[in-house]
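# Predicted model follows, preceded by the sequence.
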Amino acid sequence: MNKIIKNTLILTAITVVSGLLLGVVYDVTKEPIARAQENTRQEAYRAVLSDASSFEDIAGFDSDSANALLEENGYDSDEITAVVEGLDDSGETVGYVINVTSYEAYDGTLSLSVGISSDGTVKGIEMVSISETAGLGMKADEADFKDQFKDKKVERFTSTKTGESGDGMIDAISGATITTDSVTNAVNSALVYYQNELGGGVDE
């Protein structure tokens, strides 16, 4: 009986000490991890909206209403997770960065930032999180693919496997149609939000 009690006390002590150590590790690493995540976001913002010198969260952003808007427009596999306003040195708005997570990627999900200038031009896209198949879907994170969206002012983008030309046409990645469609729809989701909540439609 004494042996059982002794072993129980030892196990309890180990559990308590382990819990305390985990708590200490969490407290020590929490802030560096948060800083690293914020740095990653800021780098993505600067990459897609280089005319901005600073970024501020949009006051009153409501993710539920934003995602209801996407559903109304047929983009129910995407979610807008954040919207920031890009400001120049004088504090004037030069555009917006919209973060979108797609749930129709080949590997499950991918997240990207879309920079849209005040006149509705897509200034660029940058992957925040992607884990598609190496050599196939991961090509979505390469400049050759991402630059197809850059400096384009269109109402919507459309992916194509036939090489069809046009400002709104995106050449699909060979062997990665699902990834291509996922990214294209995510960018279109950002455009839907911008056109309905931040700016306006594309001028004819």
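That came through, no problem.
# mind checking how far Glu43 is from Met169?
Taking CB to CB, to the nearest Å as the measure, Glu43 falls 29 Å from Met169. Quick note: C-beta positions are derived from backbone N, CA and C, even for glycine.
# likewise Gln195?
From Gln195 to Met169 the distance is 19 Å (CB to CB).
# ok, Glu43 and Met169, which is more surrounded?
Using other CB atoms under 10 Å, the more surrounded residue of Glu43 and Met169 is Met169, with 18 against 13.
# Give the phi and psi angles for that one, as a check.
When read as degrees, to the nearest 10, the backbone of Met169 gives phi -90, psi 130.
# what sits against the nearest residue to it once chain neighbours are set aside?
Taking CB to CB, 6 or more residues apart in numbering, and ignoring the residues beside it in sequence, Met169 has Thr160 as its nearest neighbour in space, at 5.1 Å. With contact set as CB atoms under 8 Å, 6 or more residues apart in numbering, Thr160 has these partners: 169-172.
# are any of those residues buried, and which?
The neighbour-count test (16 or more other CB atoms under 10 Å) marks 169-172 as buried among these.
# pLDDT below threshold where in this protein?
For the chain, the stretches with pLDDT under 70 are 1-3, 6-7, 9, 21, 23-30, 37, 200-204.
# tell me the centre residue of it?
Leu112 (2.8 Å; CA atoms, centre = their mean).
# For that one, what is the enclosing helix or strand?
In the assignment (DSSP states H and E), Leu112 maps to strand 108-117.
# and the angle from whichever helix or strand comes after that strand to strand 108-117?
Moving toward the C-terminus from strand 108-117, the next helix or strand (DSSP H and E) is strand 122-129. Here strand 122-129 runs at an angle of 150 degrees relative to strand 108-117 (axes from the mean of the first three to the mean of the last three CA atoms, to 10 degrees).
# For strand 122-129, buried residues please.
Buried, per 16+ other CB under 10 Å, within strand 122-129: 122-128.
# if we can go back for a sec, and the strand holding Leu112, how far out from the chain middle?
The chain centre lies 4 Å from the centre of strand 108-117; the measure is CA atoms, centre = their mean, to the nearest Å.
# helices and strands around that strand, which ones?
The contact analysis (3 or more CB pairs under 8 Å, 6 or more residues apart in numbering; DSSP states H and E) places strand 108-117 against helix 2-48, strand 93-105, strand 122-129, helix 177-193.
# Out of the ones you listed, which one sits most buried?
Compared across these, helix 177-193 shows the largest average neighbour count, a mean of 24 (mean count of other CB atoms under 10 Å).
# now it, how far from the chain's geometric center?
So, by CA atoms, centre = their mean, the centroid of helix 177-193 is 11 Å from its chain's centroid.
# Stretch 61-73 too?
Worked out by CA atoms, centre = their mean, stretch 61-73 lies 16 Å from the chain centre.
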